[in-house]
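*Asks:* Could you look at this predicted model? Sequence included:
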Amino acid sequence: MSIIAPILVGFGFGFLLQKSGMTRYHKIVNAFRFTDMAVLKFMMSALVTGMIGIYGLKALGWAAVIPVTPTYVVGNVVGGLIFGVGMALTGVCAAPVVAGGGEGRLDYLIPGGLGMLVGGTIFGLAYPSFFPQLRKLADFGAVTLMDLWHLNTALFVALFTAMALLLFYLIDRGGLHRKEKA
């Protein structure tokens, strides 16, 4: 039973992702070109919704303590750079690859699927030799931004939500959204 809820949430998120058009190649590419910030707004909305939901359920006692994995800054930066290069080369991130594959889009599935398989294989083979060295460089342990900034959960969630709303306002005010052609 514990696996059913995450699967349903994943299907729901994937459905919303696909129906909102966030799986389209031009949406991802235009986010990197800073001409369409719809993907950023969608993901920030998902982060805020998830954060309020998870911490709200935890505060009500309806969710267990959320485990925090250790933070390895250099490893995260290296992984982020590799992921970013793959995303820039294919024009999509992992979720649209899966969604595009589900739609029968081979232009998503072939480069993206191959990229995930090759990247996963290289990571699996390189992990034992590289991870111990990366781990030593900047190991913060199991820490959250709330811990680093000495903020309580409610204040952090409120500040993050306010920051997201300000970002949405600035994007719309600054014209960083796709303008429809007349």
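*Replies:* Received it, and whenever you're ready, just let me know what you need. The structure displayed is predicted, hence computed values, not measured ones. Numbers count the residues shown, from 1 in each chain.

*Asks:* Excluding chain neighbours, what is closest to residue 152?
*Replies:* residue 146 (7.2 Å; C-beta to C-beta, 6 or more residues apart in numbering). Heads up, the C-betas are built off the backbone N, CA and C, glycines and all.

*Asks:* mind checking pLDDT for the one you found?
*Replies:* Confidence at residue 146, expressed as pLDDT, is 91.

*Asks:* Can you tell me how far it is from residue 3?
*Replies:* As judged by C-beta to C-beta, to the nearest Å, residue 146 and residue 3 stand 29 Å apart.

*Asks:* okay, residue 68: pLDDT?
*Replies:* 88.

*Asks:* Please work out how many residues are found near residue 114.
*Replies:* Using other C-beta atoms under 10 Å, residue 114 has 12 other residues around it.

*Asks:* Name the secondary structure element that contains it.
*Replies:* Assigning secondary structure by DSSP states H and E places residue 114 in helix 106-137.

*Asks:* next SSE after that helix?
*Replies:* Following helix 106-137 in sequence, per DSSP H and E, is strand 139-141.

*Asks:* Now tell me what touches that following strand from outside.
*Replies:* 70, 71, 72, 73, 148 (C-beta atoms under 8 Å, 6 or more residues apart in numbering).

*Asks:* Show the average pLDDT along that strand.
*Replies:* 85.

*Asks:* Who are the packing partners of the helix holding residue 114?
*Replies:* strand 71-72, helix 73-90, helix 94-102 (3 or more C-beta pairs under 8 Å, 6 or more residues apart in numbering; DSSP states H and E).

*Asks:* Ok, which of these comes nearest residue 174?
*Replies:* helix 73-90 (23.3 Å; C-beta to C-beta).

*Asks:* about what we covered before: how far out from the middle of the chain is the helix or strand where the residue nearest to residue 152 lies?
*Replies:* Residue 146 belongs to helix 145-149 when elements are defined using DSSP H and E. From the chain centre to the centre of helix 145-149 is a distance of 20 Å (C-alpha atoms, centre = their mean, to the nearest Å).

*Asks:* Restricting to C-alpha, output it in PDB.
*Replies:* C-alpha atoms of helix 145-149 as PDB (Å, rounded to 0.1, in the frame of the first residue of the first chain):
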ATOM      1  CA  LEU A 145      18.700  25.200   4.300                       C
ATOM      2  CA  MET A 146      16.600  25.700   7.500                       C
ATOM      3  CA  ASP A 147      19.500  24.300   9.500                       C
ATOM      4  CA  LEU A 148      22.100  26.500   7.800                       C
ATOM      5  CA  TRP A 149      20.000  29.700   8.100                       C
END
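
*Asks:* Quick check: the closest residue to residue 65 other than its chain neighbours vs residue 157, distance?
*Replies:* Ranked by C-beta to C-beta, 6+ apart and with sequence neighbours excluded, the top spatial neighbour of residue 65 is residue 58, at 7.3 Å. Distance from residue 58 to residue 157, counting by C-beta to C-beta: 11 Å.
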